[in-house]
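Peer 1: Model the following, please.
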Amino acid sequence: MAGARQGSSLVGFIPKALRPTYSDIGAGVLWGGTALLGAIWVVQPFGWMKDQLFPPPKEEEK
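Peer 2: Numbering: from 1, shown residues only. Down below sits the predicted model:
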């Protein structure tokens, strides 16, 4: 039973002073979203996304 208790925490091996808090995790999520939106803005794959999501109809050859 002690083995199951020992592995139950993902951050149990980190000292309490260094463990991430909720505000650290929230800041990481916000910065990650900002980085993702910035990458999309730089690359601007909107034409490719349009072709992938809504492919143009294929014309049948007769």
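Peer 1: Can you name the next helix or strand after the strand or helix carrying Thr34?
Peer 2: Assessed by DSSP states H and E, Thr34 sits inside helix 22-43. Using DSSP H and E, the helix or strand that follows helix 22-43 in sequence is helix 46-53.
Peer 1: Just the CA atoms of that following helix, as CSV, please.
Peer 2: In CSV, the C-alpha atoms belonging to helix 46-53 read as follows (Å, rounded to 0.1, in the frame of the first residue of the first chain):
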residue,chain,number,x,y,z
PHE,A,46,-5.0,30.5,-43.6
GLY,A,47,-5.0,29.5,-47.3
TRP,A,48,-3.7,26.0,-46.4
MET,A,49,-6.2,25.7,-43.5
LYS,A,50,-9.0,26.6,-45.9
ASP,A,51,-7.9,24.0,-48.4
GLN,A,52,-7.6,21.3,-45.7
LEU,A,53,-11.0,22.1,-44.0
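Peer 1: low-scoring stretches of the chain, by residue?
Peer 2: For the chain, the stretches flagged by pLDDT under 70 are 1-8, 61-62.
Peer 1: circling back: can you pull the buried residues of the helix holding Thr34?
Peer 2: By neighbour count with 16 or more other Cβ atoms under 10 Å, helix 22-43 contains no buried residues. Glycine gets a C-beta too; all of them are placed from N, C-alpha and C.
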